[in-house]
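J.: sequence below, structure please.
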Amino acid sequence: LDPTFGSGGVVLTDAPAPYCCESANAIAVQSDGRIVIAGSLFDASNTQAADNDFALARYTPDGLLDPTFGVGGLVTTKFVPNSSDDILDIAIQGDGKIVAAGNSRLAGSEQFALARYLPDGTLDTTFGTGGKVTIGLAPDSVQAYAVAIQPDGRIIVAGAVRDNWFGESDFVLARITSSGSLDPTFGAAGWVTTPFLDQADLSDPFQQPYDVAQSLVVQPDGKIVAAGYSMLWPAFYGDMAVARYTANGALDPTFGTAGNGKVRLDFYGDHDDVTGVALQPDGRLLLAGSARNMSGSLRHEFAAARL
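T.: Below you'll find the predicted structure:
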């Protein structure tokens, strides 16, 4: 632990009332060395609903809350009354603006939720409605897990689209313009969905395909890589799953041995997933996640692969 950071290398931040149950899901370092973490806070004053809010905190390089950011270093954002809003990932634009992406859940249905903040933590009113955007694919639910910024300022969000009737789930990506609207030049009206397994491929009608993108990277050539898992539900057997797309959202036929833009990786025959992806300078892709081995003495292990 670095003793020059926080207290003996550790920083703990307790949000003021009425917030509690702080949870950080993402971190990014600004060009000036300041550190932004993001996740959610629970609003304990609302007794009528599970009421999480977007939450960000910024720290100086030595681990102190930055008083120039939000209120005492903290920022919270609510999308609509009684919604449960969680940040799952953040990205910092070249101009210093902070893009937070996650989910807004209300009445059992989820939508992508994005907010963009100025460097001082105030909402950027040039983005969406007052700095906030929610987009969905009704009647299905969409869940966002990762966000990346293209060099031209457009925003890629990746996650899963879930059929609320049958429980099936596919990779889903959306591209959003710098002003906060869906980009019609990407996929179908701004959306791309990718199944790794279809119900028709399964011999057991009670097993549902469940594909989720949990991480995202944009290559220098504009191609987009989304990674996560593809599994059967409720059997909970799945593989690492990776898909690469061209800049307009089409699956890249030069990626994968089958020429369909998709790759599955199986470690033990049980459940494997990707929670992080990184691009090396030589273009190779690093995947990190976990592998489960139910037949042996091991339950879960760190798992990494390079493509």
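J.: and the strands in the stretch 201-307 of the chain?
T.: Secondary structure of the stretch 201-307 of the chain, counting by DSSP state E, counting those that start in this stretch: strands at 208-218, 224-233, 237-245, 262-265, 272-279, 285-292, 300-306.
J.: which other helices and strands contact the shortest one?
T.: Pointing back at strand 262-265 there. Strand 262-265 sits against strand 237-245, with contacts defined as 3 or more CB pairs under 8 Å, 6 or more residues apart in numbering; DSSP states H and E. Where you see a C-beta, it was placed from the backbone N, CA and C, and this is true even at glycine.
J.: state the mean pLDDT of the strand it packs on.
T.: For strand 237-245, mean pLDDT is 94.
J.: helices or strands up against it?
T.: Using 3+ CB pairs under 8 Å, 6+ apart: strand 237-245 touches strand 169-176, strand 208-218, strand 224-233, strand 262-265, strand 272-279, strand 285-292.
J.: so which of the ones you listed gets nearest residue 60?
T.: Closest to residue 60 of the helices and strands packed on strand 237-245, according to CB to CB: strand 272-279, at 25.9 Å.
J.: okay, the helix or strand where residue 146 lies in CSV with CA atoms only?
T.: According to DSSP states H and E, residue 146 maps onto strand 141-149. Extracted C-alpha coordinates of strand 141-149, given in CSV (Å, rounded to 0.1, in the frame of the first residue of the first chain):
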residue,chain,number,x,y,z
SER,A,141,-35.2,-4.4,-21.0
VAL,A,142,-31.7,-3.2,-21.8
GLN,A,143,-28.9,-3.2,-19.4
ALA,A,144,-25.6,-1.2,-19.9
TYR,A,145,-22.3,-2.5,-18.5
ALA,A,146,-19.7,-0.6,-20.5
VAL,A,147,-19.0,2.7,-22.3
ALA,A,148,-16.3,4.0,-24.6
ILE,A,149,-15.7,7.2,-26.5
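J.: between it and strand 208-218, how big is the angle?
T.: Inter-element angle recorded for strand 141-149 and strand 208-218: 20 degrees (by axes from the mean of the first three to the mean of the last three CA atoms, to 10 degrees).
J.: now the angle from strand 141-149 to strand 169-176?
T.: 50 degrees.
J.: parallel or antiparallel, which strands does strand 141-149 pair with?
T.: strand 155-162 (antiparallel) (DSSP bridges).
J.: spatially nearest residue to residue 146 (excluding sequence neighbours)?
T.: residue 216 (3.7 Å; CB to CB, 6 or more residues apart in numbering).
J.: want to try JSON lines for the strands of the stretch 201-307 of the chain, with mean neighbour count and distance to residue 146 as columns?
T.: JSON lines is the format used below for those (neighbours: other CB atoms under 10 Å; distance: least, CB to CB, whole Å):
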{"stretch": "strand 208-218", "mean neighbour count": "23", "distance to residue 146": "4"}
{"stretch": "strand 224-233", "mean neighbour count": "24", "distance to residue 146": "7"}
{"stretch": "strand 237-245", "mean neighbour count": "24", "distance to residue 146": "13"}
{"stretch": "strand 262-265", "mean neighbour count": "19", "distance to residue 146": "17"}
{"stretch": "strand 272-279", "mean neighbour count": "19", "distance to residue 146": "9"}
{"stretch": "strand 285-292", "mean neighbour count": "20", "distance to residue 146": "13"}
{"stretch": "strand 300-306", "mean neighbour count": "13", "distance to residue 146": "18"}
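J.: need these in a markdown table with distance to residue 54, can you?
T.: Listed next are those as a markdown table, based on distance: least, CB to CB, whole Å:
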| stretch | distance to residue 54 |
| --- | --- |
| strand 208-218 | 19 |
| strand 224-233 | 22 |
| strand 237-245 | 27 |
| strand 262-265 | 32 |
| strand 272-279 | 21 |
| strand 285-292 | 26 |
| strand 300-306 | 30 |
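J.: and of the ones you listed, who's closest to residue 22?
T.: Going by CB to CB, the one of those nearest residue 22 is strand 272-279, 20.7 Å.
J.: counting contacts, what elements does that closest one pack onto?
T.: strand 208-218, strand 224-233, strand 237-245, strand 285-292.
J.: tell me the secondary structure at the spatially closest residue to residue 96 that is not a sequence neighbour.
T.: In this structure, residue 96 finds its nearest non-sequential neighbour in residue 119, 4.2 Å apart by CB to CB, 6+ apart. Recorded secondary structure, residue 119: coil (DSSP: H, G, I helix; E, B strand; the rest coil).
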